[in-house]
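**Student:** Structural data only, the sequence is not supplied:
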C-alpha cells in the first residue's frame, strides 16, 4: 500500500481528497491554518485521518510527512514552497494546481485591459513623470509581466506531477512556464436521471466570486447592449475573493443596475438551488476557473457562456458540448435564446458521460501509482 499525505490550506478543497480513495492507497490530511468548529466538522465528515497545524509549525509538518511515499500539495503558497525544501528526494510530490500560482505572473494575458487598469493602475501622481512613462510603455509593449524562469523552474522541478482536469489548460500554461508531467484529474459528479427544465426562470448567474479574473465590468458592457436586459435578474456570486478597489467598483456598478449580489457563504444545497432556476451562467475569465460552477451549470441544464480565450471554452467545445461565447449574450437576450432546450440539455449530459467514461478515477489512481513507482 502507498501512503499519501494531502496538504490543504483551504477548506473548500478538502473533498478533493476523496478522489484518491483506493485499496492500494492510504490517505491522510494535514490542514495548515486557523480552524473553527465548521472546518473540524468538514474534516470529520470526510472520515479520513487528519492533523491540524498553524503556519508557524512547519517543522512539525515536516516530521509527520517524512513517513509518507507521496505528498499532494493542494496549492503552492509560501508555506508549501518552504515544505518542498525539506522533502526527501525519494518522496513523490504532486501539485493539484488551481491556477493562481501561475496565472498571477501573467496578468496581462489573463485579465482584460479594463480590469488590469483598475486592479493595477499606473498614475502620474503615484509614480512621477519618468516612472509613469516607463510603466506605461512596458504595459503597452507587453513587457510588464516577466517571469523569473530560473526561480520558477527551481521550484517546479521539485514536483513530480501536475494534476489538472484537462490537457488544454496544461498546454496553455506550458507556453509560458516550466511544468512537470501532466496527470489528468477524473470527473466524478453523477448526472441527473431526468432532464427537467421547468424550474428555469429569467435568471442569469454572473461570475463565481469577487476576484478580478471574472472581468465583471466587461460582462456588464455586453449585458447592457441588450434592449431587454431588464427582463432578466442578474445574480453575482460575490461571497469570496479579495475585497479591494476592484470589488468595490463592481459592487457599485451592480447596485446601479439592480443586479443581485450574493455576499453570504452558501452551503451546497443553497448553491445548487441557484442553478436549479438559473437560465444561464456567464464566466468571463480568460484563464481556467470556476469548473465547479461550470459543471453545476452543465448538470442542471443551465446554458453556459464562456470567453473564447479560455482554455476551458476550447476544451469543452472540443468535447462537443453546446457552449456559447459571451459576445453572443446580448443578441440571445433580445431574441429569447438564453435558455437551453431539453434536447440541448440532453446533448450536454451525453457529452459529459462520454468524457467521464473515457477517463475514470481508476485511470487517475493508476497514473498516481505509476509516479509513486518511479515509472
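**Tutor:** Arrived safely, thanks for sending. Here the structure is a predicted model, which is why all the values come from computation and not from measurement.

**Student:** Where does the residue most central in space within the chain sit: helix, strand or coil?
**Tutor:** Nearest to the geometric centre of the chain sits residue 289, at 3.2 Å (C-alpha atoms, centre = their mean). Under DSSP: H, G, I helix; E, B strand; the rest coil, the three-state class of residue 289 is coil.

**Student:** residues touching it, list them.
**Tutor:** 99, 208, 211, 213, 283, 312 (C-beta atoms under 8 Å, 6 or more residues apart in numbering). No exception for glycine: its C-beta is placed from N, CA and C like everyone else's.

**Student:** For the stretch 1-150 of the chain, which segments count as helices?
**Tutor:** 37-45, 58-65, 78-84, 100-103, 107-110, 113-119, 124-141, 149-156 (DSSP state H, counting those that start in this stretch).

**Student:** ranges for the strands of this structure?
**Tutor:** Secondary structure of the chain (DSSP state E): strands located at 2-8, 25-32, 50-53, 70-73, 92-96, 161-164, 181-184, 203-206, 233-237, 260-262, 280-283, 303-306, 324-325.

**Student:** Give me whichever of the ones you listed is most buried.
**Tutor:** The highest mean neighbour count among the strands of the chain, using mean count of other C-beta atoms under 10 Å, belongs to strand 280-283: a mean of 26.

**Student:** elements contacting that strand?
**Tutor:** If contacts are counted by 3 or more C-beta pairs under 8 Å, 6 or more residues apart in numbering; DSSP states H and E, strand 280-283 sits against strand 203-206, helix 291-300, strand 303-306.

**Student:** now these as TSV including distance to residue 265?
**Tutor:** Listed next are these as TSV, based on distance: least, C-beta to C-beta, whole Å:
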stretch	distance to residue 265
strand 203-206	16
helix 291-300	15
strand 303-306	24
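
**Student:** which stretch among those comes nearest residue 3?
**Tutor:** Of all the helices and strands packed on strand 280-283, helix 291-300 sits nearest to residue 3, with 28.3 Å by C-beta to C-beta.

**Student:** buried residues in the closest one?
**Tutor:** Within helix 291-300, the residues scored as buried using 16 or more other C-beta atoms under 10 Å are 291, 293-300.

**Student:** Show the secondary-structure elements that that helix is packed against.
**Tutor:** helix 268-277, strand 280-283, strand 303-306, helix 311-318, helix 342-358.

**Student:** Now do it, average pLDDT.
**Tutor:** Computed over helix 291-300, the mean pLDDT rounds to 97.

**Student:** Provide a list of residues in contact with the nearest residue to residue 86 once chain neighbours are set aside.
**Tutor:** Closest residue in space to residue 86, ignoring its immediate chain neighbours: residue 62 at 4.5 Å, by C-beta to C-beta, 6 or more residues apart in numbering. Neighbouring residues of residue 62 by C-beta under 8 Å, 6+ apart: 83, 86-87.

**Student:** picking that back up, tabulate the strands of the chain (a markdown table), appending distance to residue 227.
**Tutor:** A markdown table is the format used below for the strands of the chain (distance: least, C-beta to C-beta, whole Å):
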| stretch | distance to residue 227 |
| --- | --- |
| strand 2-8 | 47 |
| strand 25-32 | 50 |
| strand 50-53 | 54 |
| strand 70-73 | 49 |
| strand 92-96 | 44 |
| strand 161-164 | 41 |
| strand 181-184 | 43 |
| strand 203-206 | 16 |
| strand 233-237 | 15 |
| strand 260-262 | 21 |
| strand 280-283 | 17 |
| strand 303-306 | 18 |
| strand 324-325 | 19 |
